[in-house]
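Participant: Can you look at this prediction? I've put the sequence above it.
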Amino acid sequence: MILLWTLCLTLGGQIMARPEQMAEPKGLFWQLTDVHWDREYSSNGDPKKMCHRASDGLGVETGKFGTYSCDSPWELVEASIAAMTEQESDPDFIVWTGDNSPHVKDPIPDWDYVFSSLKKVTDLLRDQFPRSQIIPVLGNHDVYPEVS
């Protein structure tokens, strides 16, 4: 609970919408998980150097929205959340079950990296779902050092 409270304060205070901003409950919600946003992803990059699974023998080609063996580029994160709003723009709540930082080991994401990743996704969710409660749950890639 202390870590969650610290996270709320660090990310600018209140993560959830205020009660007066929320609509009447409809019984609808989203679950967002395992974003694994990789800031260093490049569609022109070498997957053997930037993708955490490039060494598993799969043929890896990078693209604008990523590839199976790599973590998510920001374009994929934005497109996924935009698709959520197209399907249901006003859910009662969003359960956001963590794992926002990438699987990268070099460099290992530090606290600044982890918190700035959380803040960027938080800001996008708040912008796209201003009337919905957002219930964050930290994952093993949302702490430093990472929990394997």
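Facilitator: Perfect, I can see it now.

Participant: Which parts of stretch 41-51 count as buried, going by neighbours?
Facilitator: Neighbour-count burial for stretch 41-51, counted by 16 or more other CB atoms under 10 Å, picks out Tyr41, Pro47, Met50, Cys51. For the C-beta atoms, the positions are set from N, CA and C on the backbone; glycine is no exception.

Participant: Output those in JSON lines; the columns should cover distance to Asp127, pLDDT and secondary structure.
Facilitator: Below are the buried residues of stretch 41-51 laid out as JSON lines (distance: CB to CB, whole Å; pLDDT from 0 to 100; DSSP: H, G, I helix; E, B strand; the rest coil):
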{"residue": "Tyr41", "distance to Asp127": "22", "pLDDT": "80", "secondary structure": "coil"}
{"residue": "Pro47", "distance to Asp127": "31", "pLDDT": "74", "secondary structure": "helix"}
{"residue": "Met50", "distance to Asp127": "28", "pLDDT": "72", "secondary structure": "helix"}
{"residue": "Cys51", "distance to Asp127": "29", "pLDDT": "74", "secondary structure": "coil"}
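
Participant: With distance to Pro91 as added columns, please give those in a markdown table.
Facilitator: Converted to a markdown table, the buried residues of stretch 41-51 look like this (distance: CB to CB, whole Å):
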| residue | distance to Pro91 |
| --- | --- |
| Tyr41 | 28 |
| Pro47 | 35 |
| Met50 | 34 |
| Cys51 | 32 |
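
Participant: Which members of those residues are the farthest-apart pair?
Facilitator: Maximum pairwise distance in those, criterion CB to CB, is 9.6 Å, between Tyr41 and Pro47.
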